[in-house]
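Peer 1: can you look at this prediction? I've put the sequence above it.
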Amino acid sequence: MEKYVPDEIELKWQRYWEERDLFRSLPGGEKPKFYCLEMFPYPSGRIHMGHVRNYAIGDVIARYKRLRGYNVLHPMGWDAFGLPAENAAINHGVHPAKWTYENIEYMKKQLKRMGLSYDWSREVATCSPGYYRWNQWFFLKMYEMGLAYRKSSSVNWCPSCSTVLANEQVINGGCWRCDTGVVEKELEQWFLRITAFADELLKGCDELEGGWPEHVIAMQRNWIGRSEGVEVDFPVAGLDERIRIFTTRPDTLWGATFLCIAPLHPLAERLVKDRDALEFQKSRYGVMEEKHGLFTGHYAVNPVNDAKIPIYVANFVLMEYGTGAIMSVPAHDQRDFEFAKAYDLPIQVVIQPEEGKLSEPLTEAYEEYGRLVDSGAFTGMKSSEAIGEIGRYLEEKGLGKRVVNYRLRDWGISRQRYWGTPIPIIYCDRCGVVPVPEKDLPVILPENISLTGTGESPLKGSEEFLSVRCPACSGRARRETDTMDTFVDSSWYFVRYCLGSGEIDLAAEAGKDASEIGYWMPVDQYIGGVEHAVLHLLYSRFFTRVLRKLGLVPGDEPFLRLLTQGMVCKETLSCPEHGWLLPEEVEDGHCSRCGKAVVKGRVEKMSKSKKNVIDPDYLIRRYGADTSRLFSLFAAPPEKDLEWSDRGIEGAFRFLNRIWNLVLGNEERLREARGISPEPVGAAAEVLFRKTHQTIKKVTLDIEDRYQFNTAIAAMMELFNQISSFHAESVEDVAVLRFAVKTLLLLISPFAPHLAEELWERTGERPSIFDQDWPQWDEDAAREEEIELVIQVNGKVRAKAMVRAGLSDEELRERALGDEKVRAFLQDREVRKVIVVKGRLVNIVVK
RNA sequence: GCCGAAGUGGUGGAAUUGGUAGACACGCAAGAUUCAGGAUCUUGUGGGGGCAACUCCGUGGGGGUUCGAAUCCCCCCUUCGGCACCA
């Protein structure tokens, strides 16, 4: 018999799909639309297993929806701006554009070889002027709307990447890309006012409930970090100044025994005489290990009780949050408590627990709610009530006001790098900051540039780029030399895909009644890594809101449903002397270089540096695309981490081989039965017929309701096992066999599309299998005729009996009580209760 | 510290609303085929006890609710992820 050679059939069908342009999608028509999107890759050189998994999941959904009769949009593109291209230029002298486009070419070949059902006509690369001109256009629009602004601020600077990082891009004090510790630096930066949407973005989270994973929504909410509180002004004794503080606990206002301001607070310079001491505080700013304070020599007056309390500069008070100043209530805030202990400041209890009394002196702050004591008119009130009441009181007296604070900060987008979108701004000595007129877009990134990696914006070195006529006065002016954060590119690419190939004109799209964007948006299913749970997803949600204001998209939320796939992991191997090892560097558990015993490390995310990677090219060469896809879908549910297993991929390959052998071994018979409708005759045929309908149901619901591809595949394996143990004897039998096989092929087609196409053709059907309808199950045909009744006595299984399906509760009860084995257990004990679970189980409770 | 997810055979993982724990696969064992190995096929496979019918134990640990708990509630342990002086 002909052997299963994936290479042959996979290339054959990929060619066929491409020639027939099968996955090209057009807007409109009768069918409902379905926009299926996977996060586009950065063209780093080659795809990795994470991509294989991500795109396999997306392709199953896209192909499934297509078979279900949806008009599917399933595009792919390249997140093509970014640092690695620039670093390649610095290190190897190759131009970022050349490097990027060569990578795209190779990776595109890899994706095509995987047999993914993309509409490649919509492919975009964000580094092309036709794309990034719209980044610039959005920037200008936001500038007009007051959503883009420039300010000098202290920024997170990565010395290794020589660029600024947004807050979201700092992970544990390090750069999100290279882990290098970030340092503070003062720079002029462009910001996008994402905070203007803080409340909307937070409220929008409710809408995502059900469609997005709970923990991703939680992280978004967390990041936005809304908190309600009050701002209170504390006059500075003897000076005409007041310090505004923010607190979420106005119920502790009477317990404030000192006041702290951030080292960078505008008043710090004025209040502190000792410059050196202040500089020291600044240097300790953000150092978590220890709380440092500096007494200013000044006092503030607590407006609710006129208490004079000392003012400190404290290294732990953040200028970026709230007002940069706090009232310190050591009795009820642990940080203040520690500070008070260190500087020997008074601790005043103003909250007592509902039950019991705090024993003084305190050993730690009591941070819970309770009842107010020593708090003027509010004494005796519960914290929960006092918080609101005191807020109102402060507003009435003009001492303060209730406010909402967010943790979210504006998005700094300036990057001192070359390979990104030039910010379309011109600086003129006479006119100041002048936006580039829309008609002059795009501001093209110049190609002749020297990249040295010194940390200066590379565009500063291009006189040709730099010097420009001011659009307002035509005088000599110079361009902004910073480029945009690449997260800008990925914040709207899903909108770009809606517009098909070639140049686009978003200005003309705005406000259109029946736009293609309006037809396809929002994305119905988005699939990608959880590492973007905050950054990319939050930015995209922000952008979509701006786009809506521009009349470009119909709704606020870009992604209706989100699937965050788990990481692809593999065991690590390391040698005490030579570090991480590849599997082939290990011989019998010893390092092949030095002979030392190899340590089997934890199962960790595949990474080149840990040498625990599997190359997708190798997999496809050895097993084919279908097997690679099937394995990554079968080994774990999509949202969980997937552990690589050599045995596992062998198993997937064997399964496809078995299907191949089964169909080819029956090719003639299956062809001959074409056109005969499957009517099962005899018990075996009935069982197979029923199993086939049951499998359709199971696979459909597993995909539809839960994206549980692993159990869907398991169900198909069960069906296969049933088929292969079925011996077709009569013509009727073969018709049933054919029905079962055809069904199996249809069900597996989203998972292993090439094999399904090939075998579909071999059974005498015409291609493409993807022009077929997804099979329907018949509830009656799927119903079991007999069920196994489980009989329990006092909750323990004591007997099982095959009974006709559909018996009444009373009949089941009688059957159970009459069971011989059961009677032995019951003997003459008193039956107190009998519980019947419909069609399944009877539990007899005896004394 | 706070928020979130998870803990089930030798392994990856099933168990849809509380109703037969371990589907499916891997691995392992025995057998068939083969000169042999590989591949393939068949059968078995949670642990303990028994020749066996059978029986006891078993979903991180401890308690609880229930006729019945992997599933619900309380406490604890472990692992992973996120945030982390946010006032």
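Peer 2: Noted; the coordinates are in hand. Predicted, not measured: the structure shown is a model, and the values here were computed from it.

Peer 1: could you use CA atoms for every contact and neighbour count after this?
Peer 2: Fine.

Peer 1: got a list of what the residue in the stretch 701-847 of chain A positioned nearest to RNA strand B touches?
Peer 2: Per C-alpha to the nearest atom of the strand, residue A:714 is where the stretch 701-847 of chain A lies closest to RNA strand B, at 3.6 Å. Residues counted as contacts of residue A:714 (C-alpha atoms under 8 Å, 6 or more residues apart in numbering) are residue A:634.

Peer 1: from residue A:379, how far out is it?
Peer 2: 66 Å (C-alpha to C-alpha, to the nearest Å).

Peer 1: now residue A:264, nearest residue through space, not along the chain?
Peer 2: Leaving aside its chain neighbours, residue A:264 sits nearest to residue A:319 (6.3 Å; criterion: C-alpha to C-alpha, 6 or more residues apart in numbering).

Peer 1: correction: residue A:96
Peer 2: residue A:85 (4.7 Å).

Peer 1: so how far is RNA strand B from the one you found?
Peer 2: 25 Å (C-alpha to the nearest atom of the strand, to the nearest Å).

Peer 1: quick one: classify that residue as helix, strand or coil.
Peer 2: Secondary structure, DSSP: H, G, I helix; E, B strand; the rest coil: residue A:85 is helix.

Peer 1: that one: neighbouring residues, count only.
Peer 2: Residue A:85 has 24 neighbouring residues, counting by other C-alpha atoms under 10 Å.

Peer 1: these two touch, right, it and residue A:92?
Peer 2: No - between residue A:85 and residue A:92 there is no contact under C-alpha atoms under 8 Å: 10.3 Å.

Peer 1: sec struct for residue A:380, please.
Peer 2: At residue A:380 the chain is in coil, as set by three-state DSSP.

Peer 1: neighbours around the closest residue to it other than its chain neighbours, how many?
Peer 2: Among residues not flanking residue A:380 along the chain, residue A:372 sits closest, at 5.1 Å (C-alpha to C-alpha, 6+ apart). Neighbourhood size, residue A:372 [other C-alpha under 10 Å]: 24.

Peer 1: residues contacting residue A:372?
Peer 2: A:251-252, A:350-352, A:378-383.

Peer 1: can we see that at 6 Å?
Peer 2: Taking C-alpha atoms under 6 Å, 6 or more residues apart in numbering as the criterion, residue A:372 is in contact with A:350-351, A:379-381.

Peer 1: test my guess that the residue nearest to residue A:96 contacts residue A:95.
Peer 2: No - in this structure, residue A:85 is not within contact of residue A:95 by C-alpha atoms under 6 Å, at 7.9 Å.

Peer 1: residue A:483 versus the nearest residue in space to residue A:418 that is not next to it in sequence, what's the distance?
Peer 2: Distance criterion C-alpha to C-alpha, 6+ apart; nearest residue to residue A:418, sequence neighbours excluded, is residue A:458 at 5.5 Å. From residue A:458 across to residue A:483, the span is 10 Å (C-alpha to C-alpha).

Peer 1: now residue A:402
Peer 2: Taking C-alpha to C-alpha, one finds residue A:402 at 39 Å from residue A:483.

Peer 1: what of residue A:28?
Peer 2: 38 Å.

Peer 1: which of those two has more neighbours?
Peer 2: Neighbours were counted for residue A:28 and for residue A:483 using other C-alpha under 10 Å; residue A:483 has more, 23 against 12.

Peer 1: how about the contacts made by the more buried one?
Peer 2: With the criterion set at C-alpha under 6 Å, 6+ apart, residue A:483 makes contact with A:414-415, A:420-423.

Peer 1: quick check: bridge partners of it?
Peer 2: Under DSSP bridges, the beta-bridge partners of residue A:483 are residue A:415, residue A:422.

Peer 1: give me the pLDDT for residue A:453.
Peer 2: Predicted confidence (pLDDT) for residue A:453: 65.

Peer 1: and for the closest residue in space to residue A:446 that isn't next to it in sequence, the neighbour number?
Peer 2: Nearest residue to residue A:446, sequence neighbours excluded (C-alpha to C-alpha, 6+ apart): residue A:465, at 6.6 Å. Number of residues near residue A:465 (other C-alpha under 10 Å) recorded here: 20.

Peer 1: pull the CA atoms of the host helix or strand of residue A:465 into CSV?
Peer 2: According to DSSP states H and E, residue A:465 maps onto helix A:463-466. What follows is helix A:463-466, C-alpha atoms only, in CSV (Å, rounded to 0.1, in the frame of the first residue of the first chain):
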residue,chain,number,x,y,z
GLU,A,463,20.7,66.5,7.6
GLU,A,464,18.5,65.7,4.6
PHE,A,465,15.7,64.5,7.0
LEU,A,466,16.3,67.0,9.7
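
Peer 1: now the element after that helix, going C-ward?
Peer 2: Assigned by DSSP H and E, the successor of helix A:463-466 is strand A:467-469.

Peer 1: for the helix or strand just after that following strand, which outside residues touch it?
Peer 2: Downstream of strand A:467-469, the first helix or strand assigned by DSSP H and E is strand A:476-479. Strand A:476-479 is contacted from outside by A:426-428, A:466-470, using C-alpha under 6 Å, 6+ apart.

Peer 1: list only buried entries from those residues.
Peer 2: When the contacts of strand A:476-479 are checked for burial by 16 or more other C-alpha atoms under 10 Å, the buried set is A:426-428, A:466-468, A:470.

Peer 1: pLDDT added to those residues, as JSON lines?
Peer 2: JSON lines is the format used below for those (pLDDT from 0 to 100):
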{"residue": "A:426", "pLDDT": "97"}
{"residue": "A:427", "pLDDT": "96"}
{"residue": "A:428", "pLDDT": "95"}
{"residue": "A:466", "pLDDT": "93"}
{"residue": "A:467", "pLDDT": "93"}
{"residue": "A:468", "pLDDT": "94"}
{"residue": "A:470", "pLDDT": "95"}
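
Peer 1: burial count for residue A:7?
Peer 2: Neighbours of residue A:7 (other C-alpha under 10 Å): 16.

Peer 1: assign it to helix, strand or coil.
Peer 2: Here residue A:7 is recorded as helix under three-state DSSP.

Peer 1: leaving out sequence neighbours, find the closest residue to it.
Peer 2: Once flanking residues are discounted, residue A:7 sits nearest to residue A:624: 6.2 Å by C-alpha to C-alpha, 6+ apart.

Peer 1: settle this for me: the one you found is touching residue A:4, isn't it.
Peer 2: No - applying C-alpha under 6 Å, one finds residue A:624 not in contact with residue A:4, separated by 10.3 Å.

Peer 1: so which of the two has more stuff around it?
Peer 2: residue A:624 (25 against 17).

Peer 1: state the pLDDT value of the more buried one.
Peer 2: Taking residue A:624 on its own, its pLDDT is 95.

Peer 1: just to be sure, residue A:355 is in a strand?
Peer 2: No - per three-state DSSP, residue A:355 lies outside any strand segment and is coil.

Peer 1: and it, how close does it get to RNA strand B?
Peer 2: Counting by C-alpha to the nearest atom of the strand - residue A:355 and RNA strand B are separated by 18 Å.

Peer 1: how far away is residue A:2 from residue A:332?
Peer 2: Taking C-alpha to C-alpha, one finds residue A:2 at 79 Å from residue A:332.

Peer 1: which one of these two has more residues nearby?
Peer 2: Taking other C-alpha under 10 Å, residue A:2 and residue A:332 do not tie; residue A:332 has more neighbours (25 against 8).

Peer 1: what's downstream of the strand or helix carrying the residue of the stretch 701-847 of chain A closest to RNA strand B, the next helix or strand?
Peer 2: Under the criterion of DSSP H and E, residue A:714 resides in helix A:709-724. Counting by DSSP H and E, the next helix or strand C-terminal to helix A:709-724 is helix A:731-748.

Peer 1: give me the neighbour count for the residue of the stretch 401-550 of chain A found nearest RNA strand B.
Peer 2: Among all residues of the stretch 401-550 of chain A, residue A:407 sits closest to RNA strand B, at 3.9 Å; criterion: C-alpha to the nearest atom of the strand. When neighbours are counted by other C-alpha under 10 Å, residue A:407 registers 16.
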